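A.B. asks: below are the sequence and a predicted model; questions follow.
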Amino acid sequence: MPNCYICGIDISKGEGYRREVYTGSSGRIYFSKRSSGSYGMYFGIRTVCANCASSIDVSHKNEVKIVSLISTIIGGTILILMGQIVLGIILTLIVSFMIVRGSTKKKEAVIEFDQVDVEEIKRADIKEKLPISQLQAKELSFPGQSYILNQHPIDEKIEEEIDEEIDYISPSVELLATAQPSEKVTEEKLKKNAEVIRAKLAAFGITIEEISITSGPIFTLYELVPAADVKVSRITSLKDDLSMALSAKELEITPSGFSNNALCLQVLNDNPSPVPIRSVINTNKFRDFNGYLPVALGKLINGDIYIDDLTLMPHLLIAGAPRSGKSMGINTILASLLFKLQPSDVKFVIIDPKKIELTLYSKLKNHFLAVSPDIDEEIITTPENAVAVLKSVEMEMEKRYDRLASAGVRNIQDYNERFKVGRLKNTETITHRKMPYLIVVIDELADLMLTAAGDVEDPIARLAQSCHSVGIHLVLATQRPSTGVITGIIKANFSARIAYQVASKIDSRTILDMNGAEQLLGKGDMLYLPVGSSKPMRIQNAIILTDEIELLTDHIARQQGYSKPFQLPSILEKKRSGIRGTSSKRDEFFEEAARLVVRHQQGSVSLIQRRLKVSFSRAACLIDGLEAAGIVGPFDGSKARLVLIDTDDQLERILANL
């Protein structure tokens, strides 16, 4: 791998090299008419070391200037004929070697313009210095100037970014375990239990007019309609007596969700049968579901499969006590989308502060994951990285709204439909391409709210309010549904909610605005409150095992993926761009302060104040500027800011680019 001729560093490391547009001292630009009817505008491109800004040559092919070489050979031959044999040979060899070494084949960058006036372009007199990506038809004459085209490592190709296509085979349900036949409660036993309930209540002087029975996979519901003169409190006080009479492991008495004049006895079956995910997605109802983001939640109490569309929710809030089935519900949602959609249709941003629940999905980096260039994690596990990636998603939302505005549409569905039929035209600033759905999954919101509540709540609230039209959806889960975690701002923007078993009525009211979740039986038993509904639905969550998740992710990971993951916008690059734009107003102590905090690895206002002998307010402004430049991290209470740069070499490269 070549080294820079001036500073001697290996340009395959660090920031590598950059390519610059260069017109030469004459500023000449060449034109030619293409077969398509458009005109090509040609610039020379040279290679520049990103460390010392010296011109280097790493990939250009040498070519011999034939005319110069022939002239040199003729001159050397004349000297030989005149008797100066040694001098002629030496002169010929030296000059020939220098020509071969110094001559390069110049590569060209092309910008095309449709229906342009060539003479008008040639007469253009432009004095502004602009990047090549912003050049207009008249902005052409730049004598002796150079402009950065792009910067990249040595082995990266210089080419326009285009949409990749991969051959992807959707996972088969054969990857999932075969559902074991469940042992259903017989009709005879159901009728016998109903008579036992009627007789037991009659023994206490309580008359039951009607009993309706609904048998589910985990529990059986006995809906009781008492006589008009019976107080409900008399029945609820006999909970233990009824449980003993039925020999039930668990029994709960709740108001009926189907009738206002009935009570519901929830009796756990002797042999509960879980709902495997294969029994839900391996059905015609799931295969023929017409939604954009189908989510197979499980089965209703009558055994019917329930599927909903995440785009209609459009965000989902999940809460439940530990081991109530909350993490299993998240895995079910992710698996439903992986079985139904292609990598070009959906991307995931997964935040897992517990570091153990969702790590298996890191294998999907080049298929289904969206990553931020500012962090080095595929599955986000730290609060600092979570804040950074949420801000990157915010920037992605803004970029998507710009695309929708340029296309003249109101939602992602119309945008993708127009792109599919070729009705979108690129502009100078916006390149249209298919827009995948982006789903942000946070497995434990409480951990983030405890460590960085303000930094986390603001982007979540903004995304929840605005991002569903551009195909960004949030799935938040917590095992502590308190008002300190599920704040009013967050709760107001999450109409669809799932409550698993919780510890108290207060927690149930926090998540559902009503009681009921505290009486669930656990093991995936949940109440789902759909959008626009005032009453929750009782659903038994589908279960996917860890082994099945591993088989699913391995099947996807073995297939050809994209050359790089889906990239979210860089928040650090945006901050650095802001610093570049205000470089003329930068504090004179900025670079000295940067070197000071990197040397001591401590981003402290008091350190800058003491060492540089400046006021507190000036030191605080310097720290804010260092944060904007990506040198120190964000504010973290009374602690010193985290220094993001480890070495002086890295710092000098950043300062040179500001």
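C.D. replies: All right, it came through fine. Residues are numbered from 1 along each chain as shown.
A.B. asks: C-alpha only now, for contacts and for neighbours.
C.D. replies: Fine.
A.B. asks: can you give me the distance of Ile218 to Ala319?
C.D. replies: With the distance defined as Cα to Cα, to the nearest Å, Ile218 ends up 20 Å from Ala319.
A.B. asks: could you check which of these two has the larger neighbour count?
C.D. replies: Summary of the neighbour comparison: Ile218 and Ala319, criterion other Cα atoms under 10 Å, with Ala319 having more neighbours (32 against 22).
A.B. asks: the more buried one: what's it in contact with?
C.D. replies: When contacts are counted by Cα atoms under 8 Å, 6 or more residues apart in numbering, Ala319 touches 326, 477-481, 498-500, 502, 511.
A.B. asks: quick one: the strands in the stretch 501-650 of the chain?
C.D. replies: Secondary structure of the stretch 501-650 of the chain by DSSP state E, counting those that start in this stretch: the strands cover 525-529, 537-543, 566-567.
A.B. asks: how far is the first one from where the chain is centred?
C.D. replies: Read it as strand 525-529. Relative to its chain's centre, strand 525-529 lies at 27 Å (Cα atoms, centre = their mean, to the nearest Å).
A.B. asks: how about the longest one?
C.D. replies: On the basis of Cα atoms, centre = their mean, the separation between the geometric centre of strand 537-543 and that of its chain is 28 Å.
A.B. asks: tell me what that strand is packed against?
C.D. replies: Using 3 or more Cα pairs under 8 Å, 6 or more residues apart in numbering; DSSP states H and E as the contact test, the elements touching strand 537-543 are strand 275-276, strand 294-300, helix 326-340, strand 525-529.
A.B. asks: what strands flank that strand, and is each parallel or antiparallel?
C.D. replies: Paired neighbours of strand 537-543 in the sheet (DSSP bridges): strand 275-276 (parallel), strand 294-300 (antiparallel), strand 525-529 (antiparallel).
A.B. asks: what is the mean pLDDT for it?
C.D. replies: For strand 537-543, the per-residue pLDDT values average out at 91.
A.B. asks: and it with helix 326-340, angle?
C.D. replies: Using axes from the mean of the first three to the mean of the last three Cα atoms, to 10 degrees, the inter-axis angle of strand 537-543 relative to helix 326-340 is 70 degrees.
A.B. asks: now strand 537-543: buried residues?
C.D. replies: Buried positions in strand 537-543, judged by neighbour count with 16 or more other Cα atoms under 10 Å: 537-543.
A.B. asks: picking up where we left off before, which one, of the helices and strands packed on strand 537-543, ends up nearest to Arg595?
C.D. replies: Go through the helices and strands packed on strand 537-543 one by one with Cα to Cα and the one that ends up closest to Arg595 is helix 326-340, at 45.1 Å.
A.B. asks: may I have the helix or strand following that closest one exported as CSV, CA atoms only?
C.D. replies: Per DSSP states H and E, helix 326-340 leads on to strand 346-351 as the next helix or strand towards the C-terminus. Taking C-alpha atoms only, strand 346-351 is exported to CSV below (Å, rounded to 0.1, in the frame of the first residue of the first chain):
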residue,chain,number,x,y,z
VAL,A,346,-38.2,-2.4,6.7
LYS,A,347,-35.2,-1.5,8.9
PHE,A,348,-34.9,-1.8,12.7
VAL,A,349,-33.1,0.4,15.3
ILE,A,350,-32.9,-1.8,18.4
ILE,A,351,-32.0,-0.4,21.8
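A.B. asks: whichever helix or strand comes after strand 346-351: how far from the chain's middle?
C.D. replies: The C-terminal neighbour of strand 346-351 among helices and strands, as given by DSSP H and E, is strand 370-371. If you compare the mean C-alpha spot of strand 370-371 with that of the full chain, they lie 4 Å apart, counting by Cα atoms, centre = their mean.
A.B. asks: which other helices and strands does strand 370-371 contact?
C.D. replies: Judged by 3+ Cα pairs under 8 Å, 6+ apart, the packing partners of strand 370-371 are strand 346-351, strand 566-567.
A.B. asks: what does that strand rub up against?
C.D. replies: 347-349, 377-378, 389, 438, 565-568.
A.B. asks: in the next helix-or-strand element following that strand, what counts as buried?
C.D. replies: Later in the chain than strand 370-371, the nearest helix or strand by DSSP H and E is helix 383-407. Counting neighbours by 16+ other Cα under 10 Å, one finds that the buried residues in helix 383-407 are 383-397, 400-401, 403-404, 406-407.
A.B. asks: what's the distance between Pro276 and Pro217?
C.D. replies: When Cα to Cα is the yardstick, Pro276 and Pro217 sit 11 Å from each other.
A.B. asks: which regions of the stretch 551-658 of the chain sit below the pLDDT cut-off?
C.D. replies: Flagging of the stretch 551-658 of the chain using pLDDT under 70 yields the residue ranges 573-585, 658.
A.B. asks: what segments of it are helices?
C.D. replies: 571-581, 590-600, 605-612, 616-628, 648-657 (DSSP state H, counting those that start in this stretch).
A.B. asks: how about the second one: buried residues?
C.D. replies: Judged by neighbour count using 16+ other Cα under 10 Å, the buried positions of helix 590-600 are 590, 593-598.
A.B. asks: could you give the angle of it to helix 616-628?
C.D. replies: With the same axes, to 10 degrees as the basis, helix 590-600 and helix 616-628 are set at 80 degrees to each other.
A.B. asks: C-alpha coordinates for helix 590-600, PDB please?
C.D. replies: Coordinates of each C-alpha in helix 590-600 appear next as PDB, following Å, rounded to 0.1, in the frame of the first residue of the first chain:
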ATOM      1  CA  PHE A 590     -10.600  26.900  21.000                       C
ATOM      2  CA  GLU A 591      -7.700  24.800  19.700                       C
ATOM      3  CA  GLU A 592      -5.700  25.200  22.900                       C
ATOM      4  CA  ALA A 593      -8.700  24.100  25.000                       C
ATOM      5  CA  ALA A 594      -9.200  21.100  22.700                       C
ATOM      6  CA  ARG A 595      -5.600  20.000  23.100                       C
ATOM      7  CA  LEU A 596      -5.900  20.500  26.900                       C
ATOM      8  CA  VAL A 597      -8.900  18.300  27.400                       C
ATOM      9  CA  VAL A 598      -7.500  15.500  25.100                       C
ATOM     10  CA  ARG A 599      -4.200  15.600  26.900                       C
ATOM     11  CA  HIS A 600      -5.900  15.300  30.300                       C
END
